[in-house]
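> show me the folded form of this:
(one chain, ligands or ions: 1)
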Amino acid sequence: MRTVRWGILGTGGIARTFVDGLGPMPEAEVLAVGSRSEASAAAFAGERGIPRQYAAYEHLAADPDVDVVYVATPHPFHAENVELCLRAGKAVLCEKPFSVNAAEAENVVGLARDRGLFLMEGMWTRFFPLMEEVRRLVSDGTVGEVKMLNVDFGFRADLDPASRLFDPALGGGALLDVGVYCVSFASMVLGRPTRALGLSHLGETGVDEQASIVLEHEGGSLANLSIGTRTATPQEATIMGTGGYVRIHSPWWRPKSMTVSRPGADDETIEAPVSGNGFGYEAAEVMACLERGVTESAVMPLDETVAVMRTMDGLRAAWGLVYPSEKTQS
Ligand SMILES: NC(=O)c1ccc[n+]([C@@H]2O[C@H](COP(=O)([O-])OP(=O)(O)OC[C@H]3O[C@@H](n4cnc5c(N)ncnc54)[C@H](OP(=O)(O)O)[C@@H]3O)[C@@H](O)[C@H]2O)c1
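I've put the predicted structure just below:
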């Protein structure tokens, strides 16, 4: 496999973690980083030994030697950052949530398809070896026909109105930050929901701090989701079928083990150790797609990413949660 040269757009927390995840991969080279500021670009490049640094995202996108850009800015900037890179002819891996809403997602997906460029949502959970086992087990009918699932993702953050988690201008709120994992997981196991109902508590900054959501799927299957940014939850996922159930142990979104329980049989625990910090799996998928010349991942298809965004649009509409960035969109 030839070396894939990565550009990193944004120098925040997850960008650092992602670069660390690429570290042990011989086929990946982090060639360049782009930031809104020269100081951040220089500090990030210096810390991580990245040869090229740019004090504007436009300059990163214009680097002819960068093969693929990883977009790691707060959610309201994803669509414009992805568009910038696609217009410069780059393949793109964009952090979750893919965008703030489905309309933004559809725009960039259309652009990537028109230009024949690779694009994928960085829903890293999907690419862990244990999640491959989960998909196998569901399609094999190991626990019969799946009828329900419970999944939760909540943690207790201090209320900081200026932070990405709480500031509406930065796309704050539990649904977009952690709820997206749960909606995407339900979609992976049960397919596209036919109905989504939810109740949320909007906190003092006006964004959802916790929510309980029920998704109805084809054939009457149901998914129960509990999410929060001010409430710690067990971070477990349980898939329940007509012939038993599977518990993906905490934290299910960075999965290492699960237990299959079936009536009349001993419980079976399946382990799949995680290599590195776990970000290498999604990066490997991107690089394998580029190597094969395919523009979409079959594990995280773009139509599914858009559908997940549409489900979250519906939930937010019922909660009256509109982001400032959406007020200027038609
Ligand atoms: N997959 C995961 O496990 C995971 C974990 C955490 C976060 N995420 C996702 O990654 C994205 C970034 O999260 P993060 O925690 O890394 O955020 P962060 O630490 O706040 O960093 C975001 C970076 O985006 C850039 N940026 C551009 N416009 C900005 C603005 N107006 N305000 C603040 N920063 C701006 C900044 O880089 P420059 O100053 O260099 O331009 C900043 O360092 C989010 O969409 C989040 O959902 C994913």
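> give me the nearest residue to the closest residue to the ligand within the chain, chain neighbours excluded.
Scanning the chain for proximity to the ligand using Cβ to the nearest ligand atom identifies residue 12 as nearest, at 1.7 Å. C-betas here are computed from N, CA, C, even on glycine. Nearest residue to residue 12 in three dimensions, chain neighbours excluded: residue 72, at 6.1 Å (Cβ to Cβ, 6 or more residues apart in numbering).
> burial measure for the one you found, as a count.
Neighbourhood size, residue 72 [other Cβ atoms under 10 Å]: 25.
> same question for residue 64.
Residue 64, neighbours per other Cβ under 10 Å, totals 6.
> could you do the one 3 residues further on as well?
A count of neighbours around residue 67, defined by other Cβ under 10 Å, yields 20.
> contacts only, for it.
Applying Cβ atoms under 8 Å, 6 or more residues apart in numbering to residue 67 gives the contacts 4, 5, 6, 90, 91, 290.
> so where's the chain uncertain?
329-330 (pLDDT under 70).
> all strands in it, in order from the N-terminus.
4-9, 28-34, 52-54, 68-71, 91-95, 119-122, 146-154, 193-202, 208-217, 222-228, 237-241, 244-248, 257-261, 268-271 (DSSP state E).
> want to try JSON lines for these, with distance to residue 113 and mean neighbour count as columns?
Listed next are the strands of the chain as JSON lines, based on distance: least, Cβ to Cβ, whole Å; neighbours: other Cβ atoms under 10 Å:
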{"stretch": "strand 4-9", "distance to residue 113": "21", "mean neighbour count": "25"}
{"stretch": "strand 28-34", "distance to residue 113": "25", "mean neighbour count": "23"}
{"stretch": "strand 52-54", "distance to residue 113": "27", "mean neighbour count": "20"}
{"stretch": "strand 68-71", "distance to residue 113": "17", "mean neighbour count": "25"}
{"stretch": "strand 91-95", "distance to residue 113": "13", "mean neighbour count": "25"}
{"stretch": "strand 119-122", "distance to residue 113": "8", "mean neighbour count": "26"}
{"stretch": "strand 146-154", "distance to residue 113": "30", "mean neighbour count": "22"}
{"stretch": "strand 193-202", "distance to residue 113": "24", "mean neighbour count": "17"}
{"stretch": "strand 208-217", "distance to residue 113": "27", "mean neighbour count": "21"}
{"stretch": "strand 222-228", "distance to residue 113": "29", "mean neighbour count": "22"}
{"stretch": "strand 237-241", "distance to residue 113": "32", "mean neighbour count": "23"}
{"stretch": "strand 244-248", "distance to residue 113": "33", "mean neighbour count": "21"}
{"stretch": "strand 257-261", "distance to residue 113": "35", "mean neighbour count": "17"}
{"stretch": "strand 268-271", "distance to residue 113": "37", "mean neighbour count": "12"}
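> columns distance to residue 171 on top of those strands, output as CSV?
As requested, those are exported to CSV (distance: least, Cβ to Cβ, whole Å):
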stretch, distance to residue 171
strand 4-9, 16
strand 28-34, 20
strand 52-54, 24
strand 68-71, 13
strand 91-95, 11
strand 119-122, 15
strand 146-154, 16
strand 193-202, 14
strand 208-217, 11
strand 222-228, 15
strand 237-241, 24
strand 244-248, 27
strand 257-261, 31
strand 268-271, 35
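> so which of those strands gets nearest residue 77?
Nearest to residue 77 among the strands of the chain is strand 68-71 (8.1 Å), distances taken as Cβ to Cβ.
> other residues contacting the closest one?
By Cβ under 8 Å, 6+ apart, strand 68-71 touches 4-10, 15, 18, 60-61, 78, 81-82, 85, 90-95, 118, 122, 286-287, 290.
> now check that strand, is it near the ligand?
No - judged by Cβ under 6 Å from any ligand atom, strand 68-71 stays clear of the ligand, getting no closer than 8.2 Å.
> quickly run through the sheet partners of that strand, with directions.
Next to strand 68-71 in the sheet, as set by DSSP bridges, lie strand 4-9 (parallel), strand 91-95 (parallel).
> out of the contacts of residue 67, give me the two with the largest separation.
Pairwise across these, and taking Cβ to Cβ, the largest span is found between 4 and 90, at 11.8 Å.
> that older thread, give me the subset of the contacts of strand 68-71 touching the ligand.
Among these, the ligand is touched by 10, 15, 95, 122 when using Cβ under 6 Å from any ligand atom.
> how near is the residue lying closest to the second one once chain neighbours are set aside to residue 254?
The shortest distance from residue 15 to any residue that is not its chain neighbour, by Cβ to Cβ, 6+ apart, is 4.0 Å, and that residue is residue 72. Per Cβ to Cβ, to the nearest Å, residue 72 is found 18 Å from residue 254.
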